[in-house]
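Novice: from the sequence below, what's the structure:
(2 chains)
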Amino acid sequence: MITEWLETKFYAFILGSISCAFIFVHSIFMFENVSTANQLKSDNPSGATLAERYLILGNWPASKERDFTENTYEYLIAPKHSNH
Amino acid sequence: MNQRQNSYLRIFLRTLAALLLFTIIIINFKASIQAYSVLSLANTMNKIDENLLSSSGLIFDLVYFLLINLVILVTWSIFIVISIVSPLLKLKSGLESDLYWIIVVFLNITFAVALNSYLYPTSLVSYLRHSPLTEPSILTIMAIGLLVLFFRGLLRLISLKTLTVTSSILTVFLLYPWLTVEKKQNNTSNKPNIIILGIDGLRPDHLAYYEADKKLAPNLNRLLESFKIYKYAYTPQGRTYVAWMSLLTGLYPINNNVRFNLAPPETINKEIPVVNILKKEGYFTSYAIDERRFNQIDNSYGFDNVVGPKIGVADAIIAGFGDLPYLNILLQHPYSSYLLPYLYNNRAYGKAYSPSRFNETLVDSLDLTKPNFLSVHLCQLHWPYTSKVFIDSSQADWDGNYNHYMYKQMLKSVDTQVQGLFYKLSRKGLLENAIVYIISDHGESFNQNKHSANLTVNSSLPKTKSWGHGTNILDQQQSHVLLAQAKFKHNKVVSTPNVYQGNYSLIDIVPSIFKNLKVPYTEIGHLDGIPLPQEIEEEDQQRFIFVESSLPVKSINKSFIDKQEVMSETASHYELRDDGRAYMKLESYTNLVAKKQRGVYFKDWQLTMLPTKDELVLYNRKTNNIYTTDTYKGNFNWQSMLTALCMQYKNDFSFSKKEACLLAVQQYTGQTKDRHSDG
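Specialist: Residues are numbered from 1 along each chain as shown, chains lettered A, B, ... in the order given. Predicted coordinates:
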């Protein structure tokens, strides 16, 4: 009986852990995206970099191979080509 | 209802609630990383006109969209409930059952997000895009796992025989759009297919015949090497709908009365002679375009077949809300053209737009038993330059000009799309006997210094560099377009390539079609265009070509187009009607015509009349010098251009009041009377 009780608890623990793992994975990646988006934000409402402007236009600047939210300083929008 | 059914019902409702919660979480997640939410756009629209959102057509479209979302979530919930009917483990307690249910729900959600991340990396909800979960092998394992769970559950509920029959029928139903036998055109008439391929915003100076880098558009450049190219071709107006209506009617906007995008329908004659005549000649007529926000040509214009997303104001709203994993995944299937008509094959919903899928939809819609008249317009080069996969960028090309940089990247994409389209057309036999025109409807300006004209007098002359298109006819990059033609036999170009140096217009295409098909002029009526010359000797160098501007909008004459700013500036000119579409208000239409720039080209010169200036502006495209007619001291006789411009627009609102025109019209009328009296 104790063995049965332990077995039940063990299975519940495993299933609970798997559920938590799912929540954890989703949360981590969502948080990472939000954090990256916040890092991209500048004072310029139209976007100061290629990646920021693309994001403002409603899309994430990434291909399968690469994420263009890194090294954004290489793609600064020139002030004369900015609205601000 | 017995206990088991009660239990399944409870699980179904619980699952539906979980999926709705997931949807809400996703929407909030998107809002946290986006600058503007869709609701803020709708809010802006509400502030401008309280009746703006009261259109029954718009309400229907939005309700239909919400209903489809609900149906998808209900179907998904049923799938999950069936998946837990036969668990993989022996579940001894209620807690274990609940936890098992949560895992299956999470597995489904994870698969949906991972698949969305794999298919559409630029989707805002593809947050798993760089995780191992998007590896094809992992996705396959997840898909197989989910299907195994589902079919295990289904076998517990129905017999194997029923399951086999139902699955087979469902599989055939779902795969049917792709289970087509490859057919070729069987056109027994000798009439050639007529194909007009438009590429939105394509600038000739980005193509090799204007000495641009060939690598920008290698396929187009290779194709154009064998085409007749009309080097100095202009659009009557740098706006898609207006340009296409001028092209299809062979008339300038002043004569076909289509003066703006979204023109009120009561001002337009939707009878397009070339469509009607070609239909009588046995043609199957098609119009295809992959974005509908500013071009309203549909079946009511006489075409047998129209391909593209649905037209309506709901487009912008649904595209904002539509970025959800299960909706994006559904767009892979052709049936979503009925379920999600605003998102399927919509270039404006760039994150899920597949150029090859659009090509396929288009070519599969053609009638292979008849000659085809196909007008197709591809819009990947239109702002905001978004796509399913982010550009393959080269940092070396970056010069700080976002619009121009993205434009060049998307040029590569549309170049690939054109190559794909030609390949499909040839596979279907549509280039066995065809006349093909490749055009652009307008150019695009990127406020580049090198395109500024040389001011010869003073700096009060208007700017010749600007942003966008349709706003400034002094900016040559806006009105200068590609116009090329070739005859195909057995998939090869048989006409002699040439580059013609005269001035031409998009209105010359329909006269050319009629000439090629030997349609008598008595059937056609008046046309402003002339048939395009086929030999250099046929060129008419004494021709006037007219160009006019569109709605002057300050908020689009910028590097970054702020949707809310545009809406604030322009919404007062538009109204939403019960068909769910936006149209320019009639009173605005009349007033805004008065604010147009009007210009004429003759040889290498352009003469422009501006609404805000009394001076006439003279520009030479060879020297890039700009003058006013008061200060021009050269030998060129611009007065003939003024006369032509005035005669063209003499009945236009406010134009005839210009003093310069009154004099020119009097002189012209006097000369005409003298010629008549001389006999």
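Novice: longest helix anywhere in chain A?
Specialist: If you go by DSSP state H, chain A has its longest helix at helix A:2-40.
Novice: what average pLDDT does that one get?
Specialist: Per-residue pLDDT over helix A:2-40 has a mean of 89.
Novice: where's that helix relative to the chain centroid, distance-wise?
Specialist: Centroid separation between helix A:2-40 and its chain, computed with CA atoms, centre = their mean, to the nearest Å, is 17 Å.
Novice: what helices and strands are in contact with the helix or strand just after that helix?
Specialist: Heading C-terminal from helix A:2-40, the first helix or strand you meet, by DSSP states H and E, is helix A:50-56. With contacts defined as 3 or more CB pairs under 8 Å, 6 or more residues apart in numbering or on different chains; DSSP states H and E, the packing partners of helix A:50-56 are helix A:2-40, helix B:402-427. Placement of C-beta: from N, CA and C, glycine included.
Novice: within its sheet, name the partner strands of the helix or strand just after the last one and how each one runs.
Specialist: In this case it means helix B:402-427. Downstream of helix B:402-427, the first helix or strand assigned by DSSP H and E is strand B:433-439. Using DSSP bridges, the strands paired with strand B:433-439 are strand B:193-199 (parallel), strand B:483-489 (antiparallel).
Novice: quick one: distance of the last one to the chain centre.
Specialist: Meaning strand B:483-489. 23 Å.
Novice: export stretch B:54-62 to CSV, keeping only CA atoms.
Specialist: These are the backbone C-alpha positions of stretch B:54-62, laid out as CSV (Å, rounded to 0.1, in the frame of the first residue of the first chain):
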residue,chain,number,x,y,z
SER,B,54,-19.9,51.3,-38.5
SER,B,55,-19.7,49.6,-41.9
SER,B,56,-21.6,46.3,-42.0
GLY,B,57,-19.1,44.9,-44.4
LEU,B,58,-16.2,45.6,-42.0
ILE,B,59,-18.2,44.2,-39.0
PHE,B,60,-19.0,41.1,-41.0
ASP,B,61,-15.3,40.6,-41.9
LEU,B,62,-14.2,41.0,-38.3
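Novice: returning to that earlier point: just the strands paired with strand B:433-439: most buried one?
Specialist: strand B:193-199 (a mean of 24; mean count of other CB atoms under 10 Å in any protein chain shown).
Novice: show me what counts as buried in the following helix or strand past that strand.
Specialist: Where DSSP H and E defines the elements, the next helix or strand beyond strand B:193-199 is helix B:218-224. Under the neighbour-count criterion of 16 or more other CB atoms under 10 Å in any protein chain shown, helix B:218-224 has B:Asn219, B:Leu220, B:Asn221, B:Leu223, B:Leu224 buried.
Novice: just the C-alpha atoms of helix B:218-224, please, in PDB.
Specialist: Taking Å, rounded to 0.1, in the frame of the first residue of the first chain, the C-alpha atoms of helix B:218-224 are listed here in PDB:
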ATOM      1  CA  PRO B 218      20.000  38.700 -62.100                       C
ATOM      2  CA  ASN B 219      17.000  36.900 -63.500                       C
ATOM      3  CA  LEU B 220      15.100  40.000 -64.600                       C
ATOM      4  CA  ASN B 221      18.300  41.300 -66.200                       C
ATOM      5  CA  ARG B 222      18.800  38.100 -68.100                       C
ATOM      6  CA  LEU B 223      15.200  38.100 -69.200                       C
ATOM      7  CA  LEU B 224      15.300  41.800 -70.300                       C
END
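Novice: now the angle between strand B:433-439 and the helix or strand just after that helix, please.
Specialist: Later in the chain than helix B:218-224, the nearest helix or strand by DSSP H and E is strand B:228-234. Angle, strand B:228-234 to strand B:433-439, by axes from the mean of the first three to the mean of the last three CA atoms, to 10 degrees: 30 degrees.
Novice: where does the stretch 551-679 of chain B dip in pLDDT?
Specialist: For the stretch 551-679 of chain B, the stretches with pLDDT under 70 are B:554-558, B:561, B:563-564, B:567-568, B:654-658, B:664-679.
Novice: where does the residue of the stretch 251-400 of chain B found nearest chain A land in three-state SS?
Specialist: Chain A sits closest to B:Gly400 of the stretch 251-400 of chain B, with a gap of 2.8 Å, by CB to the nearest CB. Classification of B:Gly400 by DSSP: H, G, I helix; E, B strand; the rest coil places it in coil.
Novice: neighbours around it, how many?
Specialist: Counted with other CB atoms under 10 Å in any protein chain shown, the neighbours of B:Gly400 add up to 15.
Novice: and for B:Ala288?
Specialist: If we define neighbours as other CB under 10 Å, then B:Ala288 has 25 of them.
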